[in-house]
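> Got a predicted structure here, sequence first:
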Amino acid sequence: MSRPLVSDALWTVVEPLLPPEPPKPKGGRPRLPDRAALTGIFFVLQSGIPWEMLPQEMGCGSGMTCWRRLRDWQEAGVWDRLQRAVLDRLGRRNAIDFRRAALDSASVAAKRGGAQTGPNPTDRGKPGSKRHVLTDANGIPLAVRLTAANLHDSMMLEEVVDAVPPIQQSWGRPRQRPAKLHADKAYDHRRCRRTLTRRRIEPRIARRGIESSARLGRHRWVVERTLAWFSQFRRLAIRYERRADIHFAFLTLASAIIAWRFVQRWFC
């Protein structure tokens, strides 16, 4: 028997974060259970199928119902809270390694265009988006952001670093800043180094024309592996959504799932 997409352990984390069911003063059909809707969202994220092809035998209702629930929960901030809740669970067990962090990005084709898309310089100028990911030394995604594919990586360093939430620790105050940040030559700008220094983060950025990119690869490979994990969610391999908020909802949910796999691997 196959394992459920939404396990009991994960559901205990997600359920308290969901908004209450809106009242129905005039009655109407029973609302699809939240867990069934979340299962449908997970299935679309992992399989990449169109919403209208969601199998009815899964008991997840219609694809449009799951899409609306994804949209509403994104507006309510559920996915951000889920990612933070999973990171807090890891942080309380000292599973997040703040000694080093790594930052990188990856471009994806945007077949239908839309917000946060632009000509991809690595794909003959076709429309694309770029995901920026910051991980700890283990490859756990701490922050993720979405931009157009033609935005230079260095322009997003400050925003991505500041997007890391304060993560609870086993003792003391929540922690938000890594001790060092490793990045490739795309971030070799004085502006980026000043940004990190002001935040008391030691910049470990490869210098153009001086250092080999391979020298820092033993620390940067973790973020490249995490970017590959994002691509394993077939709904993220290519951007199909014209709405940036819907694609970013999928992206944030995938980040929480990747972090949750570390919880399962180490503590379950």
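Looks like it arrived, so ask away.

> For the rest of this, base every contact and every neighbour count on C-alpha atoms.
OK.

> Ends of stretch 164-183, what's the gap?
Here the two ends of stretch 164-183 are set 16 Å apart, with distance taken as Cα to Cα, to the nearest Å.

> try stretch 206-219
Using Cα to Cα, the two ends of stretch 206-219 sit 12 Å apart.

> Relative to residue 138, how far out is residue 219?
Distance from residue 219 to residue 138, counting by Cα to Cα: 10 Å.

> Kindly report the same for residue 3.
Using Cα to Cα, residue 3 is found at 26 Å from residue 138.

> With residue 262 instead?
According to Cα to Cα, residue 262 and residue 138 sit 9 Å apart.

> Then residue 231?
18 Å.

> buried stuff in stretch 117-130?
Within stretch 117-130, the residues scored as buried using 16 or more other Cα atoms under 10 Å are 117-120, 126-130.

> Could you dump the residues you listed into CSV with secondary structure added?
Shown next, in CSV, are the buried residues of stretch 117-130 (DSSP: H, G, I helix; E, B strand; the rest coil):
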residue, secondary structure
117, coil
118, strand
119, strand
120, coil
126, coil
127, strand
128, strand
129, strand
130, strand
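
> and the next element down the chain from the helix-or-strand element of the chain with minimal mean pLDDT?
Within the chain, no helix or strand scores below helix 217-232, which has a mean of 91 by mean pLDDT, DSSP states H and E. With elements assigned by DSSP states H and E, the helix or strand that comes after helix 217-232 is helix 234-237.

> Residues contacting that next one, please?
Outside helix 234-237, the residues that touch it by Cα atoms under 8 Å, 6 or more residues apart in numbering are 44-49, 108, 230-231, 247, 250-251.

> Tell me how far residue 161 lies from residue 55.
The gap separating residue 161 from residue 55 is 40 Å, by Cα to Cα.

> Between the two, which is the more surrounded one?
residue 161 (24 against 15; other Cα atoms under 10 Å).

> What ranges does the stretch 151-268 of the chain have for its strands?
180-183, 202-205 (DSSP state E, counting those that start in this stretch).

> Using TSV, please lay out these together with distance to residue 23, mean pLDDT and mean neighbour count.
TSV is the format used below for the strands of the stretch 151-268 of the chain (distance: least, Cα to Cα, whole Å; pLDDT from 0 to 100; neighbours: other Cα atoms under 10 Å):
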stretch	distance to residue 23	mean pLDDT	mean neighbour count
strand 180-183	47	95	24
strand 202-205	51	93	20
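
> would CSV of those with distance to residue 90 be doable?
Putting these into CSV (distance: least, Cα to Cα, whole Å) gives the following:
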stretch, distance to residue 90
strand 180-183, 20
strand 202-205, 24
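
> Among the ones you listed, which comes closest to residue 171?
When the strands of the stretch 151-268 of the chain are compared by Cα to Cα, strand 180-183 sits nearest residue 171, at 21.2 Å.

> was I right about residue 69 contacting residue 37?
Yes. Assessed by Cα atoms under 8 Å, residue 69 is found in contact with residue 37 at 7.0 Å.

> out of these two, which sits in the busier spot?
Relative neighbour count places residue 37 above the other of residue 69 and residue 37, with 22 against 18, counting by other Cα under 10 Å.

> need the contact list for the more buried one.
Residue 37 is in contact with 60-61, 65-66, 69, counting by Cα under 8 Å, 6+ apart.

> What segments of the stretch 101-250 of the chain are helices?
Here the stretch 101-250 of the chain has its helices, by DSSP state H, counting those that start in this stretch, at 157-162, 190-198, 217-232, 234-237, 244-267.

> May I see the ones you listed arranged in CSV, with distance to residue 205 as well?
Shown next, in CSV, are these (distance: least, Cα to Cα, whole Å):
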stretch, distance to residue 205
helix 157-162, 12
helix 190-198, 8
helix 217-232, 10
helix 234-237, 28
helix 244-267, 24
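
> Alright, I will stop here.
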